[in-house]
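1. what follows is a predicted structure for the sequence shown.
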Amino acid sequence: MRPGCGWPGGCNGLHVACSALFTVLFCHAKRGKPATDAAGVLPGFTGIAVHDALVTYARYTTATHALCNAHLLLVLRRNRMQALRWREDLGLQFLLRPDR
């Protein structure tokens, strides 16, 4: 889902579902489960759903879930930057050396 697509009619999220053959783009005023239900792809989906860690997706129990590597890298990068700031604030220069 891409938030804030800014389309007329109050679209708050562009929801995207892809397979090897098809791509579904669905714009909806909501961003959570009501929108993904309305798109009609995830309810009853039994394949592997690769996505970010948005809590909405966990509610679809018929799918197997996998975390998108691009989103995982963003989270790890953000956590590393927070850890580096924490280390600097505490003067712990021996932790998380930037050269590694």
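-> Now that the structure is in, tell me what you want to look at. Numbers count the residues shown, from 1 in each chain.
2. just the CA coordinates for stretch 59-77, please, in CSV.
-> Coordinates of each C-alpha in stretch 59-77 appear next as CSV, following Å, rounded to 0.1, in the frame of the first residue of the first chain:
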residue,chain,number,x,y,z
ARG,A,59,-5.4,-10.6,10.0
TYR,A,60,-5.5,-12.7,6.8
THR,A,61,-4.9,-16.1,8.2
THR,A,62,-5.3,-18.2,5.0
ALA,A,63,-2.1,-16.7,3.5
THR,A,64,1.5,-17.5,4.3
HIS,A,65,3.2,-14.3,5.2
ALA,A,66,6.8,-13.1,4.4
LEU,A,67,8.4,-9.8,5.2
CYS,A,68,9.6,-7.8,2.2
ASN,A,69,13.4,-7.5,2.2
ALA,A,70,13.3,-3.9,1.2
HIS,A,71,11.2,-3.0,4.2
LEU,A,72,13.4,-5.2,6.5
LEU,A,73,16.5,-3.3,5.3
LEU,A,74,14.7,0.0,6.0
VAL,A,75,13.9,-1.1,9.6
LEU,A,76,17.4,-2.4,10.2
ARG,A,77,19.0,0.8,8.8
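3. which residues outside that stretch are in contact with it?
-> Identification of contacts with stretch 59-77 by C-beta atoms under 8 Å, 6 or more residues apart in numbering yields 33, 36, 42-53, 57-58. Every C-beta, even on glycine, is put in place using the N, C-alpha and C of the backbone.
4. give the buried residues for it.
-> Buried residues in stretch 59-77, counted by 16 or more other C-beta atoms under 10 Å: Tyr60, Ala63.
5. and the lengthiest helix in the chain, average pLDDT?
-> Scanning the chain for the longest helix, with DSSP state H as the assignment, gives helix 69-90. Per-residue pLDDT values over helix 69-90 give a mean of 80.
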